[in-house]
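# Have a look; sequence and predicted model below, questions after that.
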Amino acid sequence: MSKYEIKPNTGSVFRNKEKKSDTHADYTGRAMIDGVEYYANAWINTSQKTGEKYMSIKYKPVQEVASQYVEQAKQAIQPSQDTGDFSDDIPF
């Protein structure tokens, strides 16, 4: 089985089967824009003026999201600053 590759300046979104609330995207996927890979999230909305349906799309760089997760993981494993007074004087 071959791995799917995103072609330059294209993307794909699929129905979000794990949508748990209205704030979660109706469709999710990925896109490649100018050589940078993005997560693509899309919502189906209705225009208040015309009543016409349209799709709103938000892009976020994959690298930026990965960096956020790494930073959160670093903060989670750092010891808390208020765990007590640990001095460098070891009694043995």
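Ah, there it is.

# tell me which residues of the longest strand seen in the chain are tucked away?
Ranked by residue count, the top strand of the chain under DSSP state E comes out as strand 36-46. Buried residues in strand 36-46, counted by 16 or more other CB atoms under 10 Å: 38-43. Yep, even glycine has a C-beta here, placed from its N, CA and C like the rest.

# Could you pull out the strands in the chain for me?
Taking DSSP E as the criterion, the chain carries its strands at 10-15, 27-33, 36-46, 53-61.

# Put together TSV for those strands, with mean pLDDT and distance to Val70 on each row.
Compiled in TSV, those are given as follows (pLDDT from 0 to 100; distance: least, CB to CB, whole Å):
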stretch	mean pLDDT	distance to Val70
strand 10-15	95	24
strand 27-33	95	19
strand 36-46	95	16
strand 53-61	96	14
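
# List just the one of the ones you listed that sits closest to Gln75.
Using CB to CB as the criterion, the shortest distance between Gln75 and these is 20.3 Å, found for strand 53-61.

# gap between that closest one and the chain center?
Averaging C-alpha coordinates over strand 53-61 and over its chain gives two centres that are 13 Å apart (CA atoms, centre = their mean, to the nearest Å).

# about what we covered before: ok, the longest strand of the chain: who's next to it in the sheet?
Take DSSP bridges as the rule and strand 36-46 pairs in its sheet with strand 27-33 (antiparallel), strand 53-61 (antiparallel).

# can you tell me how far the residue nearest in space to the middle of the chain sits from Lys49?
Residue closest to the average C-alpha location in the chain (CA atoms, centre = their mean): Val65, at 5.1 Å. The span separating Val65 from Lys49 equals 34 Å under the rule CB to CB, to the nearest Å.

# Ok, Asn16 next?
The spacing between Asn16 and Lys49, counted by CB to CB, is 27 Å.

# quick one: which of the two has more around it?
More neighbours surround Asn16 than the other of Asn16 and Lys49, with 16 against 5 (other CB atoms under 10 Å).

# doesn't Asp26 make contact with the more buried one?
Yes - taking CB atoms under 8 Å as the definition, Asn16 is a contact partner of Asp26 at 5.9 Å.
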